[in-house]
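Asker: when you get a sec, could you give me coordinates for this:
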Amino acid sequence: MRSTVAAYVAGAAALLMLAACSGTPVATSPTAPPPTVTSSATPTPPPSPSPTAPPSSAPPVRPGTVPPPWLGTRVLPTTAGGYGEIRTTPKALRNRRFTLPDTVPMLPGRGFASRVTSPAPADVIARSTWVAGCPVAADDLAWVRLTFWGFDDARHTGELLVNASVADDIAGVFRDLYRAGFPIEEMRITTRAELDAPPTGDGNDTGSFNCRPKAGQTSGFSEHAYGLAIDVNPFQNPYLNGDLVLPELSSAYVDRADARPGMILAGGPVVRAFARIGWGWGGDWHALKDLQHFSQNGT
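Answerer: As a prediction, this is how the structure comes out:
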């Protein structure tokens with residue numbers, strides 16, 4: 001989720017990202033056409049521009065934007081259900097507003113920008129969770145790089161691996177969130193190493209494709225395994241099913257009346273942006289709530 005903070009904080013969050021590789025291997029074309037790259041850019045920055053850094057020094061550290069040094073390192077005891085032990089949210093995470101280092105180079109420009117490469121390059125697929133047997137062919141996945149607004153009030157660049165059929169729509173969703181100034185902590189592609197990493201309960205990666213089983217199940221594919229679902233700020237928007245809270249340290253965010261930055265709220269900009277492309281929200285479910293989760297078919 002880990003050689004850098006950004007690489008190891010998503011261990012437990014990967015369990016949320018659902019569907020496992022099983023069944024008949026899916027063959028990919030050995031002579032795939034060269035990737036098609038499309039891009040878009042909007043010169044208008046979001047409503048709260050970043051302060052100008054002193055010319056002779058690095059930008060000053062803004063209060064609340066630096067994660068605690070232990071983030072992603074404190075492994076939780078594993079329960080019989082395979083998750084980490086649910087614990088009280090540490091004080092440093094109760095009003096979480098970190099932005100972790102970007103894992104891809106900044107896209108040019110000052111406002112929103114995106115780049116869609118379809119099919120996704122082989123090296124991108126190689127560092128994802130895709131393997132033969134996943135329910136989508138590698139050639140049907142697209143690599144989306146886009147800018148997002150961080151909790152540090154600055155422009156950042158992240159990456160998603162999504163189904164090629166929805167890549168442009170997804171870029172449009174995050175364009176809407178950028179213009180709304182909605183903050184995101186980090187955005188990167190889940191790796192295979194994270195799938196079996198021990199739970200730390202404090203991951204917060206915004207991501208899409210993940211070839212894992214559904215939460216609480218040992219078989220069956222979710223929309224994540226097709227690249228047709230996205231989880232946004234999982235820590236501020238946990239998965240809730242009875243006494244189960246995932247990530248395991250995110251209980252401070254169960255009270256949705258206590259609105260804080262990064263939370264997805266009914267009628268808010270994130271729900272509206274995904275509704276515009278016809279995607280459903282896990283916060284509208286009845287038997288359980290998956291507050292971070294958006295998918296094409298609503299499941």
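
Asker: how many residues are close by residue 177?
Answerer: 23 (other C-beta atoms under 10 Å). (Glycine included, C-beta is placed from N, CA and C.)

Asker: break down the stretch 101-250 of the chain into its strands, ranges please.
Answerer: Counting by DSSP state E, counting those that start in this stretch, the stretch 101-250 of the chain has these strands, from start to end: 112-118, 141-149, 155-163, 186-187, 205-206, 229-231, 239-241, 244-246.

Asker: give me the angle between the third one and strand 141-149.
Answerer: Strand 155-163 and strand 141-149 meet at an angle of 160 degrees, taking axes from the mean of the first three to the mean of the last three C-alpha atoms, to 10 degrees as the criterion.

Asker: strands paired with strand 155-163, and their directions?
Answerer: Based on DSSP bridges, the strands next to strand 155-163 in the sheet, each with its direction, are strand 141-149 (antiparallel).

Asker: cool, the fifth one as well?
Answerer: Based on DSSP bridges, the pairing partners of strand 205-206 within the sheet are strand 186-187 (parallel).

Asker: chain center to the strand it pairs with, what's the gap?
Answerer: Put simply, strand 186-187 sits 6 Å off its chain's centre (C-alpha atoms, centre = their mean, to the nearest Å).

Asker: so for stretch 283-299, what gets flagged as buried?
Answerer: Residues of stretch 283-299 classed as buried: 283, 285, 289-296 (neighbour count, 16 or more other C-beta atoms under 10 Å).

Asker: quick revisit: mind putting the strands of the stretch 101-250 of the chain in JSON lines, mean pLDDT and mean neighbour count included?
Answerer: As requested, these are exported to JSON lines (pLDDT from 0 to 100; neighbours: other C-beta atoms under 10 Å):
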{"stretch": "strand 112-118", "mean pLDDT": "98", "mean neighbour count": "22"}
{"stretch": "strand 141-149", "mean pLDDT": "98", "mean neighbour count": "26"}
{"stretch": "strand 155-163", "mean pLDDT": "98", "mean neighbour count": "23"}
{"stretch": "strand 186-187", "mean pLDDT": "98", "mean neighbour count": "27"}
{"stretch": "strand 205-206", "mean pLDDT": "98", "mean neighbour count": "26"}
{"stretch": "strand 229-231", "mean pLDDT": "98", "mean neighbour count": "28"}
{"stretch": "strand 239-241", "mean pLDDT": "98", "mean neighbour count": "20"}
{"stretch": "strand 244-246", "mean pLDDT": "98", "mean neighbour count": "21"}
